[in-house]
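Student: okay, sequence plus prediction incoming.
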Protein chains: 2
Amino acid sequence: MSQPARAAAERLEQQIRFLLEIDRLKRVERQNILTDGSRRENSAEHSWHLAVLALCLAEHADAEGIDLFKVVRMLLIHDIVEIDAGDAFLHDAAELAELAELEAAAAERIFGLLPPDQGRELMALWHEFDAGASAESVLAQALDRVQPALLHEATDGVIWEKYGTTHDQIQAKMEVVGRAAPVLWERIQDIIGKARAAGRLR
Amino acid sequence: MSQPARAAAERLEQQIRFLLEIDRLKRVERQNILTDGSRRENSAEHSWHLAVLALCLAEHADAEGIDLFKVVRMLLIHDIVEIDAGDAFLHDAAELAELAELEAAAAERIFGLLPPDQGRELMALWHEFDAGASAESVLAQALDRVQPALLHEATDGVIWEKYGTTHDQIQAKMEVVGRAAPVLWERIQDIIGKARAAGRLR
């Protein structure tokens, strides 16, 4: 085997270790359920759904010149840290700070399985998503809020009711949607208003 | 509401109908199982996995100047037709022709839920994937073969054995990998050789 071929084969083994490791995201369960109510959603299929949301809904973004591929890449990898840290549905500040530490360590471990250049690239994308400072990360975070809200609407808000979610908690989570896309914000306000009227949100 | 705002809101309702409809892909089960053997994979999480494979493995593609975002978009939407047509593990020509008809009708119905311009765009991507004529679709198809092979290797080929898969059937399916990326082809040949030696492939 030539030297470049050997280098490619070695990179491939690192990439495969990463790709098999992230298979575990298919076993991380989220709070929300599928549209037919049959079971909870997992974080891998959630990530897929979000990426398709981005393809369909990016046109509603308020910001101009958004790099849509970057939004999609962020959404594809943003939940991988949950393999170690789990999916959290938290509103408590101390718990959120602890979670942030767990997630940072998870990112180091999991993206660190890749060849260093690729690991750094995905790590930078993950940090960008998390920081929510760029137009791309604002849109990605907004879609990450919009998708479960659509599933909650399709399943009559039973999960919000089950977990005793309050109107203020949801509004705080949705704030980024207002910054990202006014049309989506209006739609989400409609969902929240109806859920409140139906007694699903405290 | 202004006329542009009303038009955006109407488009959004069509987009939401499509996005809720494709939630059903999370309930389409594939033959292969997760790396821990706990259950069968579904087509939504499979599509997510493939998109991340593309981000990590595109560098091994033989073709130059590949539009990676197009590859990712194809992989995100290529299995949506299975909502109506199911996931098939077929080698029979007559059954494959019948399946192709079912899938074409499914694409019309499901992509037809979107605003016409977006529906046409995703339909064109789906056709391009299916035809396998462009460099992007060759790479996308190859990754769609490589991912289950990696899961089969991780689970000791039990599914190949369970379904009585033959060496010739697998080699025919893998042909596109050879055209897409020699490094991936070598790795897949290694997987197949070991599965054969272990008696997992007839």
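Tutor: Sure, I can see it. Numbering: from 1, shown residues only, chains lettered A, B, ... in the order given.

Student: quick check: longest strand in chain A by residues?
Tutor: strand A:29-33 (DSSP state E).

Student: quick one: residues in contact with that strand.
Tutor: The contact list for strand A:29-33 (Cβ atoms under 8 Å, 6 or more residues apart in numbering or on different chains) reads A:39-43, A:46, A:87, A:89, A:148, A:151-152, A:155, A:158-159, A:163. Quick note: C-beta positions are derived from backbone N, CA and C, even for glycine.

Student: which ones among those residues map onto strands?
Tutor: Reading strands off the contacts of strand A:29-33 with DSSP E, I get A:Arg40, A:Glu41, A:Asn42.

Student: list the beta-bridge partners for the closest residue to the first one other than its chain neighbours.
Tutor: Across the structure, with Cβ to Cβ, 6 or more residues apart in numbering or on different chains as the measure, the residue nearest A:Arg40 apart from its sequence neighbours is A:Glu29 (4.6 Å). Here A:Glu29 sits in beta bridges with A:Asn42, going by DSSP bridges.

Student: can you tell me the element A:Val183 falls in?
Tutor: helix A:182-197 (DSSP states H and E).

Student: that helix and chain B in contact?
Tutor: Yes. Residues of helix A:182-197 contacting chain B under Cβ under 8 Å from any Cβ of the partner chain: A:Val183, A:Leu184, A:Glu186, A:Arg187.

Student: got those residues as JSON lines, with distance to B:Gln14 columns?
Tutor: Supplementary listing: those in JSON lines, determined by distance: Cβ to Cβ, whole Å:
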{"residue": "A:Val183", "distance to B:Gln14": "13"}
{"residue": "A:Leu184", "distance to B:Gln14": "14"}
{"residue": "A:Glu186", "distance to B:Gln14": "16"}
{"residue": "A:Arg187", "distance to B:Gln14": "13"}
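
Student: compare the residues you listed and tell me which is most surrounded.
Tutor: For the residues of helix A:182-197 next to chain B, neighbours were counted by other Cβ atoms under 10 Å in any protein chain shown; the highest total belongs to A:Leu184, with 25 neighbours.

Student: that one and A:Asp144 touch, don't they?
Tutor: No. Counting by Cβ atoms under 8 Å, A:Leu184 stays clear of A:Asp144, with 11.9 Å between them.

Student: residues in contact with A:Leu50?
Tutor: A:Leu75, A:Ala140, A:Leu143, A:Asp144, A:Gln147.

Student: helix, strand, or coil at A:Arg200?
Tutor: coil (DSSP: H, G, I helix; E, B strand; the rest coil).

Student: what about it, distance to chain B?
Tutor: Counting by Cβ to the nearest Cβ, to the nearest Å, the gap from A:Arg200 to chain B is 18 Å.

Student: and A:Leu25, how many neighbours?
Tutor: With other Cβ under 10 Å as criterion, A:Leu25 counts 25.

Student: just give me the neighbour total for A:Ala5.
Tutor: 12.

Student: cool, and A:Glu136?
Tutor: A count of nearby residues for A:Glu136, using other Cβ under 10 Å, gives 26.

Student: swap in A:Arg6?
Tutor: Per other Cβ under 10 Å, the neighbour tally for A:Arg6 reads 10.

Student: show me what contacts it?
Tutor: Contacts of A:Arg6 (Cβ under 8 Å, 6+ apart): none.

Student: which strand or helix spans it?
Tutor: helix A:3-21.

Student: quick one: that helix to helix B:182-197, angle?
Tutor: In terms of direction (axes from the mean of the first three to the mean of the last three Cα atoms, to 10 degrees), helix A:3-21 departs from helix B:182-197 by 60 degrees.

Student: pull out the buried residues from helix A:3-21.
Tutor: A:Ala8, A:Arg11, A:Leu12, A:Gln14, A:Gln15, A:Ile16, A:Phe18, A:Leu19, A:Leu20, A:Glu21 (16 or more other Cβ atoms under 10 Å in any protein chain shown).

Student: cool, and stretch A:57-71?
Tutor: Burial within stretch A:57-71, assessed by neighbour count using 16+ other Cβ under 10 Å, is assigned to A:Leu57, A:Ala58, A:Glu59, A:His60, A:Ala61, A:Asp62, A:Ile66, A:Leu68, A:Phe69, A:Lys70, A:Val71.

Student: so which of these also contact chain B?
Tutor: A:Leu57, A:Glu59, A:His60, A:Leu68, A:Phe69.

Student: which residue packs closest to the second one, ignoring adjacent ones?
Tutor: Setting aside the residues directly before and after it, A:Glu59 is nearest to B:Arg11 in space (Cβ to Cβ, 6+ apart), at 7.7 Å.

Student: do the fourth one as well
Tutor: Nearest residue to A:Leu68, sequence neighbours excluded (Cβ to Cβ, 6+ apart): A:Ala58, at 5.1 Å.

Student: and the helices in chain A?
Tutor: A:3-21, A:43-57, A:68-77, A:82-85, A:93-111, A:116-131, A:135-154, A:158-162, A:167-180, A:182-197 (DSSP state H).
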